[in-house]
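Novice: Requesting a structural model of the entry that follows:
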Amino acid sequence: MNGRVWVVALLFCIAGCVRSGSSGSSGGNPGGGVQPGGNTGNTGNTGNTGNTGNTGNTGNTGNTGNTGNTGNTGNTGNTTHGSPGSGLPLLVAPPPGTATRWVSPSGDDNNPGTQALPWQSLQHAVDMALPGDIIEIEDGTWTPTSQIHITAVGTAQAPILLRAQGTAVVDAIGMSGSNNSRDALFFDNASYVLLHGLQVRNAPRSGARVSLSNHITIQACEFGPNGRWGIFTDYADDLTLLGNECHDSGTEHGIYHSNSSDRAVIRGNYCHDNYASGIQINADPALPGDGISSDCLVEGNICARNGVGGAAGINLASVRNTVIRNNLLIDNLASGIAMWDDGFDPAFGCKNNLVVHNTVVFRSGEGRHCVVVINGSTGNEIRNNVFVGGRRGVYEVTNDAMAGLQVDHNVLYSVDSWPLATNEDSGASYDLAAWQAFSGGAASSVHQQPAFASSGNGDYSLTSLSAGRDSGADLGLLEDLYGDARPAGAAPDCGCFER
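Specialist: The predicted structure follows:
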């Protein structure tokens, strides 16, 4: 891997009005096991946010062409790619700039908040934050007994930066779990705020909740262990989650983006050992709002060993016009990538999404299907992926999800010799020839075990003689999971790596 540096310096886009409403249901479980969660219930919907536009064509051959939101919270800092087996796929440097205020566990809130005389409480620091402030969070541990309530409002030209550059920790072990003492960090009607580098653990519910907010960026943080979720969002448009580690969520997901929220960018996160999904986007169609999440980008994430309680590595419910690419899903215990309607109504299936260059691998005797496309999830395009099933095969579909489905140039295999595809409605199973006939496509897909370079060391790139090597369609995608140029050979490799 070349380890080169690239800069994430997207500009802001101006938000529309933000939905208010419920904190959402936990979402569905097409992957088997228990269905986590249920409605946590809050207020109703006061209106929907229009699409502020997207960043153009991803070079695919089909139907979506969007890459998520047009910007986030100013300069998020330089990034370097990780390497196979190293955990985080994306390492985000602290955003530049001279701090204007300081906060330290050894400070005093009666101080002026200077470097020499810092404030003590994070709550006081965020209460004092003004547009353009850079608040330096010094090393140490905070042990709040109630949520840190962030209502700060920056602007596109003057965002607010909360920056930890070392070992700043919020340990919520003393929180009771009551309404104002369940989420360690609570972004509430906030906008244009960037949080960098904080460690958050032992929250009764979520490490960070983003509610009724827009243009919030959370990056290079670690969330875990926490009681229910690592990061939980509701009615939060134009969200960016970049290079975070979310692990050991006790009853649900590492990242849960919910409630009709649009234009999220979820990139370069490492979500592992969570009870349910690694990453879930659930528009919660049964709750207030339009019940659809649109124009998101789920890119370059690693989801590993999630799903002892069911769900999927990447679980999508009522998601539209979204790109899922260059993700590595390994050793999960339920499904791989699931697209469905949250069990609400097939009219709210996942539609017109692009699923390309992902690698999904299960161990023998574990997991369910690599890809689930059910309950009215139509018009989806699935290309250039490597899918290795374990206890099940590759595809699970329903009849009402077949319209407009495009599947090709995928490597398909099941280590336990299950049929490549099954139909949940009819109970039919399909080998490659039958799947090609039923799907009306997949002419360039192969049924063959891929040969990985060093899967035991986290390197799931394809060897020179492997199925899928130099055999993908050119979709215009220029990088792989770790930033290496694509294609490196005569044609792109299938899966999330390029050699």
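Novice: contacts and neighbour counts: CA atoms only from here.
Specialist: Will do.
Novice: Mind listing residues that contact stretch 405-416?
Specialist: Stretch 405-416 has contacts (CA atoms under 8 Å, 6 or more residues apart in numbering) with 363-365, 378-394, 420, 439, 441-450, 467-468, 471-473, 494.
Novice: If any of those are buried, put those into a PyMOL selection.
Specialist: To isolate the buried ones among the contacts of stretch 405-416 in PyMOL, judged by 16 or more other CA atoms under 10 Å, type:
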select buried, resi 363+364+378+379+380+381+382+383+384+385+386+387+388+389+390+391+392+393+394+420+439+442+443+444+445+446+447+449+450+467+468+471+472+473+494
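Novice: remind me which residues of this structure are low pLDDT?
Specialist: 1-75 (pLDDT under 70).
Novice: can you pull out the helices in it?
Specialist: Along the chain, the stretches classed as helices by DSSP state H are 122-128, 432-439.
Novice: If Ile150 is in a bridge, with which residues?
Specialist: Counting by DSSP bridges, Ile150 is bridged to Phe187.
Novice: Numbering from 129 from now on, please.
Specialist: All set: I'll call the first residue 129, so the last point we hit is now Ile278.
Novice: what's the burial count for it?
Specialist: Residues within reach of Ile278, counting by other CA atoms under 10 Å, total 23.
Novice: Ala318 versus that one, what's the distance?
Specialist: 7 Å (CA to CA, to the nearest Å).
Novice: I figured Tyr320 hits Ile288, correct?
Specialist: Yes. Between Tyr320 and Ile288 there is a contact under CA atoms under 8 Å: 6.4 Å.
Novice: Give the residues shared as contacts by these two.
Specialist: 281-282.
Novice: possible to save the helices of the chain as JSON lines with distance to Leu326?
Specialist: Supplementary listing: those in JSON lines, determined by distance: least, CA to CA, whole Å:
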{"stretch": "helix 250-256", "distance to Leu326": "12"}
{"stretch": "helix 560-567", "distance to Leu326": "46"}
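Novice: what's the closest of these to Arg329?
Specialist: Among the helices of the chain, the nearest to Arg329 by CA to CA is helix 250-256 (15.4 Å).
Novice: And the closest one, what does it pack against?
Specialist: Applying 3 or more CA pairs under 8 Å, 6 or more residues apart in numbering; DSSP states H and E, one finds that helix 250-256 makes contact with strand 229-231, strand 276-278.
Novice: right, so those strands: which one is the most enclosed?
Specialist: Most buried of the helices and strands packed on helix 250-256 by mean neighbour count (mean count of other CA atoms under 10 Å) is strand 229-231; its value is a mean of 24.
Novice: So which residues make contact with that one?
Specialist: With contact meaning CA under 8 Å, 6+ apart, strand 229-231 is reached by 241-243, 245-250, 253, 261-266.
Novice: Kindly recompute the last result at 6 Å.
Specialist: Contact partners of strand 229-231, identified using CA atoms under 6 Å, 6 or more residues apart in numbering, comprise 241-243, 246-248, 263-265.
Novice: What's the separation between Gly215 and Thr526?
Specialist: Using CA to CA, we find Gly215 at a distance of 35 Å from Thr526.
Novice: scratch that, Ile458
Specialist: 25 Å.
Novice: Kindly report the same for Ala296.
Specialist: Note on Ala296: its distance to Thr526, by CA to CA, is 48 Å.
Novice: swap in Val514?
Specialist: 22 Å.
Novice: hang on, His381 packs against Phe360?
Specialist: No. Look at His381 against Phe360 with CA atoms under 6 Å: they stay out of range, at 8.6 Å.
Novice: So if I had to pick from those two, which one is more boxed in?
Specialist: Counted by other CA under 10 Å, His381 and Phe360 do not tie: His381 has more neighbours, with 39 against 26.
Novice: Quick one: residues contacting the closest residue to the more buried one other than its chain neighbours.
Specialist: Take His381 and drop its neighbours on the chain: the residue closest to it by CA to CA, 6 or more residues apart in numbering is Ser405, 4.6 Å away. Contacts for Ser405 (CA under 6 Å, 6+ apart) come out as 381, 434-435, 439-441.
Novice: Could you tell me which of those belong to strands?
Specialist: Mapping the contacts of Ser405 onto strands (DSSP state E) picks out 440-441.
Novice: Now, of the contacts of Ser405, which are buried?
Specialist: Buried among these by 16+ other CA under 10 Å: 381, 434-435, 439-441.
Novice: Just name the closest of those to Glu350, please.
Specialist: His381 (14.1 Å).
Novice: any chance you could map the strands in the stretch 179-328 of the chain?
Specialist: Secondary structure of the stretch 179-328 of the chain by DSSP state E, counting those that start in this stretch: the strands cover 206-209, 218-220, 229-231, 262-265, 268-270, 276-278, 288-292, 296-299, 313-316, 319-324, 327-329.
Novice: quick one, which of those is packed in tightest?
Specialist: strand 319-324 (a mean of 27).
Novice: Next, count neighbours for Gly568.
Specialist: 14.
Novice: show me what contacts it?
Specialist: Here Gly568 is in contact with no residue (CA under 6 Å, 6+ apart).
Novice: if I look at it, how far off is Met530?
Specialist: Following CA to CA, the distance that separates Gly568 from Met530 is 9 Å.
Novice: Backbone dihedrals for the residue nearest to Gly493 when sequence neighbours are not counted, please?
Specialist: Using CA to CA, 6+ apart and skipping residues adjacent in sequence, the residue nearest Gly493 is Arg519, 4.5 Å away. When read as degrees, to the nearest 10, the backbone of Arg519 gives phi -70, psi -10.
Novice: Give me the distance between Arg519 and Ile265.
Specialist: Per CA to CA, Arg519 is found 46 Å from Ile265.
Novice: One more: Ser463?
Specialist: Note on Ser463: its distance to Ile265, by CA to CA, is 39 Å.
Novice: for Phe515, same thing?
Specialist: 43 Å.
Novice: tell me the contacts of Asn443?
Specialist: Residues counted as contacts of Asn443 (CA under 6 Å, 6+ apart) are 408, 465-466.
Novice: CA-only coordinates of stretch 343-362 in CSV, if you can.
Specialist: The C-alpha trace of stretch 343-362 is given here as CSV (Å, rounded to 0.1, in the frame of the first residue of the first chain):
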residue,chain,number,x,y,z
HIS,A,343,-23.5,19.9,9.5
ILE,A,344,-22.0,18.0,12.5
THR,A,345,-18.7,16.2,12.0
ILE,A,346,-17.3,13.6,14.4
GLN,A,347,-13.9,12.3,13.5
ALA,A,348,-10.9,10.4,14.9
CYS,A,349,-12.9,9.6,18.1
GLU,A,350,-13.3,6.3,19.9
PHE,A,351,-16.7,5.2,21.2
GLY,A,352,-16.8,2.1,23.3
PRO,A,353,-17.8,0.3,25.3
ASN,A,354,-21.2,1.9,25.6
GLY,A,355,-24.6,0.6,26.7
ARG,A,356,-26.5,0.8,23.4
TRP,A,357,-24.8,2.6,20.6
GLY,A,358,-21.5,4.2,19.9
ILE,A,359,-22.8,7.1,17.8
PHE,A,360,-26.6,7.6,17.5
THR,A,361,-28.2,10.3,15.3
ASP,A,362,-31.8,11.3,14.7
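Novice: returning to what we had before: figure out which of the strands of the stretch 179-328 of the chain is closest to Arg453.
Specialist: Per CA to CA, nearest to Arg453 of the strands of the stretch 179-328 of the chain: strand 218-220, 14.7 Å.
Novice: Partner strands of that closest one and their direction?
Specialist: Counting by DSSP bridges, strand 218-220 is paired with strand 206-209 (antiparallel).
Novice: Fine, thanks again, bye for now.
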